[in-house]
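1. Starting from these lines, generate the structure:
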Amino acid sequence: MNNQAKLIKYKKVQQIAKDTVRYLSSYICEGVSESDIASAVKEFMYSQGVQSFWYYDVAALVLVGKRTIESVSGKIYKTTKTKVKENDLVTVDLSPELGLFWGDFARSFIIENGKVISKPSGSSTKKTSELFEGVSIELALHDKLTKIAKPHTTFGELYVIMNDLITDFGYVNLDFKKNLGHSIEKQKEDRSYLEAGCNKRLNEVDLFTFEPHIKKKHGEFGYKWEDIYYFSKGKLKKL
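-> Numbers count the residues shown, from 1 in each chain. Next up is the predicted model:
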């Protein structure tokens, strides 16, 4: 299979992840639990043709409220009955698989007056405004990535730049392994990580994720925003 055919396969499964997030924007509301959300994700993905999940068979790593600061491997992750509150934060990290092609997509959902909102309203509380600040920092990090990542940049070099920027913004890296992403592979053990000391160049892999899990210093909530990137004719693009 040539590279273009592979890219089409990856785009297909990643689109299912994006469609799942769109579905969750109307599903998530006050009173549903982590377990409810995880079940809804699995049911929706099954309806889209996904039958397996590459990250230790975890369809969605769902965290609600103050649990969003927790960073845990899918190997030991368990959903809880923690329920979404009237004004809250929910993070969802998806890992669908079609054949041997991975999707990898994470988003943070801000809840105001019991519903997911995409931008602050005129009646937004101080808490909601602070939640939007966290999401805006995630977006700023991804924007910076697109400006500085070059084909010859190593995973380690990119990690240092982005991790320093997280600190400059007044946030901390919550990842339990301290990495900020990884290459997309057919086997989990073959991944290269955006971590200190990794000398593999970005153009030595077909695709890689950028997925900072961050919180404001002394803050109560953790934020996730993940996309898959690749180079086409020397330019970084989002899958």
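2. what's the helix or strand for residue 142?
-> Element membership for residue 142, per DSSP states H and E: helix 126-148.
3. Please work out which residues outside the helix or strand bottoming out on mean pLDDT in the chain touch it.
-> When each helix and strand of the chain is scored by mean pLDDT, DSSP states H and E, helix 126-148 comes last, with a mean of 92. Helix 126-148 is contacted by residues 87, 89, 108, 110, 112, 117, 119-120, 124, 158, 161-162, 165-166, 169, 171, 210, 212, 214-216, 219, 221, 223-225, 227, 229, 236, 238 when judged by Cβ atoms under 8 Å, 6 or more residues apart in numbering. Backbone N, C-alpha and C define where each C-beta goes, glycine included.
4. Can you mark which positions in the longest helix anywhere in the chain are buried?
-> The residue-count maximum for a helix in the chain (DSSP state H) belongs to helix 3-27. Buried residues in helix 3-27, counting neighbours by 16 or more other Cβ atoms under 10 Å, are found at 7, 10, 13, 14, 16, 17, 18, 20, 21, 23, 24, 27.
5. Spit out the contact partners of the second one.
-> Shown here is residue 10, whose contacts under the criterion Cβ under 8 Å, 6+ apart are 101, 102, 103, 184, 207, 228, 239.
6. mind redoing it with 6 Å?
-> If you count contacts by Cβ atoms under 6 Å, 6 or more residues apart in numbering, residue 10 has them with residue 101.
7. ok so, going back, name the next helix or strand downstream of the least confident helix or strand of the chain, please.
-> For helix 126-148, the following helix or strand on the C-terminal side (DSSP H and E) is helix 155-168.
8. So which residues make contact with that next one?
-> Here helix 155-168 makes contact (Cβ under 6 Å, 6+ apart) with 149, 173, 180, 192, 194, 195, 196, 197, 198, 200, 214.
9. Ok, stretch 91-102 next?
-> 9-10, 13, 16-17, 20, 45, 50, 52-55, 60-63, 68, 103, 105-106, 108, 184, 186, 224.
10. What subset of those is buried?
-> Buried among the contacts of stretch 91-102 by 16+ other Cβ under 10 Å: 10, 13, 16-17, 20, 45, 50, 53-55, 60-63, 68, 103, 105-106, 108, 184, 224.
11. What's the separation between the nearest residue in space to residue 55 that is not next to it in sequence and residue 209?
-> Leaving aside its chain neighbours, residue 55 sits nearest to residue 95 (3.7 Å; criterion: Cβ to Cβ, 6 or more residues apart in numbering). In this structure, residue 95 and residue 209 are 11 Å apart, going by Cβ to Cβ, to the nearest Å.
12. Name the residues contacting each of the two.
-> Joint contacts of residue 95 and residue 209 (Cβ under 6 Å, 6+ apart) do not exist.
13. Among the buried ones among the contacts of stretch 91-102, name the ones in strands.
-> Using DSSP state E, 53, 60, 61, 62, 63, 105, 106, 108, 224 are the members of the buried ones among the contacts of stretch 91-102 that sit in strands.
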